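*Asks:* I would like to see how this sequence folds:
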Amino acid sequence: MARKTTSDEVAVFIDFENLRYSLLNHYGQEPDFISVVEKAKRYGRPSVLKAYADFAEHPQHLKQRLHVAGIDAINVNVKRIKRPNDPKGIERVKNAADMFLALDAILEAADADASNKVKTFLLVTGDADYIKLVTLLRNRFGQKVIITGVPGTVGADLVAAAGKEDCIEVTKTAPVDKKELKSAIVKMVKKGCTPLKYWTVTIIDQWCQSERQGITGTAKEKRDAIYELVSENVLVKQEIDLKIVGKKGTATEAILDEAKARDLKYLD
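*Replies:* Residues are numbered from 1 along each chain as shown. Below is the predicted model of the structure:
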């Protein structure tokens with residue numbers, strides 16, 4: 001059997017939900033996908049860059065950030081299954097994203113093995129359920145595996161199976177002044193949402209996360225501030241007819257109560 005040669009190629013497989021929710025829950029931040037690509041470049045030339053999730057479950061701007069970073073967004077629809085004979089109608093959610101990730105990684109490893117190459121597989125996750133995949137990539141296909149997860153959320157056994165870990169770098173930031181943050185959000189809403197014709201809580205959230213708005217704070221801090229503005233009735237929800245944008249149905253609009261905002265000192 002021919003001896004394998006070490007390739008400079010890096011295959012990056014991202015468990016999007018594990019990465020995103022680990023960062024949000026522990027650090028209040030959204031993922032920086034460009035930094036993930038830059039990390040991969042330390043080990044060679046990224047030839048495969050894929051992220052797996054049901055992207056309808058996540059803000060649209062995150063999918064755009066993946067595209068900007070050159071990462072393919074592999075959409076795997078979540079299946080919701082109602083329990084039979086359950087009067088409460090409880091749904092079980094089944095997400096096959098991890099299975100698709102594993103299958104694609106195995107196919108990539110099989111191709112490398114057939115070409116007598118050793119590639120670097122950067123698995124962006126901390127989920128110990130991937131131990132079987134890691135051992136398969138290393139033992140069956142002779143590939144190199146590096147675990148890249150969020151600090152404090154990576155299973156020790158997963159790292160032991162891979163033999164190497166290179167965690168996501170997390171930027172530590174000082175807590176933002178909550179009143180200043182709310183004021184910045186209110187002023188953004190007051191300015192208007194051109195070219196949109198109405199605000200929703202989701203759209204406000206998406207705009208707040210955009211660097212173009214220059215609103216400071218982590219993703220979680222901004223999100224919490226928006227929901228506090230709703231609870232304070234500074235942002236008031238009401239149903240609107242989507243005929244105003246040439247669509248059918250209704251939506252829940254978020255309207256700024258300027259008087260209330262001034263009472264709470266969010267507006268001058």
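*Asks:* is it true that residue 56 lies in a strand?
*Replies:* No. Assessed with DSSP: H, G, I helix; E, B strand; the rest coil, residue 56 is helix; it does not lie in a strand.
*Asks:* Just want to check the distance between it and residue 248.
*Replies:* 19 Å (Cβ to Cβ, to the nearest Å). C-beta here means a position set from N, CA and C on the backbone, and glycine is covered the same way.
*Asks:* Repeat that for residue 132.
*Replies:* With distances taken as Cβ to Cβ, residue 132 is found 47 Å from residue 248.
*Asks:* Between these two, tell me which one has more neighbours.
*Replies:* Comparing residue 132 with residue 248 by other Cβ atoms under 10 Å, the one with more neighbours is residue 132, at 11 against 7.
*Asks:* Grab the CA positions of stretch 116-128 and hand them over as PDB.
*Replies:* Taking Å, rounded to 0.1, in the frame of the first residue of the first chain, the C-alpha atoms of stretch 116-128 are listed here in PDB:
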ATOM      1  CA  ASN A 116      -3.400   8.500  -0.200                       C
ATOM      2  CA  LYS A 117      -3.700  12.000   1.400                       C
ATOM      3  CA  VAL A 118      -3.800  13.100   5.000                       C
ATOM      4  CA  LYS A 119      -6.000  16.200   5.300                       C
ATOM      5  CA  THR A 120      -6.800  18.300   8.400                       C
ATOM      6  CA  PHE A 121     -10.400  18.200   9.500                       C
ATOM      7  CA  LEU A 122     -11.400  21.200  11.600                       C
ATOM      8  CA  LEU A 123     -14.700  20.200  13.400                       C
ATOM      9  CA  VAL A 124     -16.300  23.300  14.800                       C
ATOM     10  CA  THR A 125     -18.300  21.900  17.700                       C
ATOM     11  CA  GLY A 126     -18.100  20.900  21.300                       C
ATOM     12  CA  ASP A 127     -20.700  18.200  21.100                       C
ATOM     13  CA  ALA A 128     -19.500  14.800  22.400                       C
END
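*Asks:* Could you pull out the buried residues of that stretch?
*Replies:* 117, 118, 119, 120, 121, 122, 123, 124, 125, 126, 127 (16 or more other Cβ atoms under 10 Å).
*Asks:* Relative to residue 204, which of the residues you listed is nearest.
*Replies:* Among those, residue 124 lies closest to residue 204 (Cβ to Cβ), at 29.0 Å.
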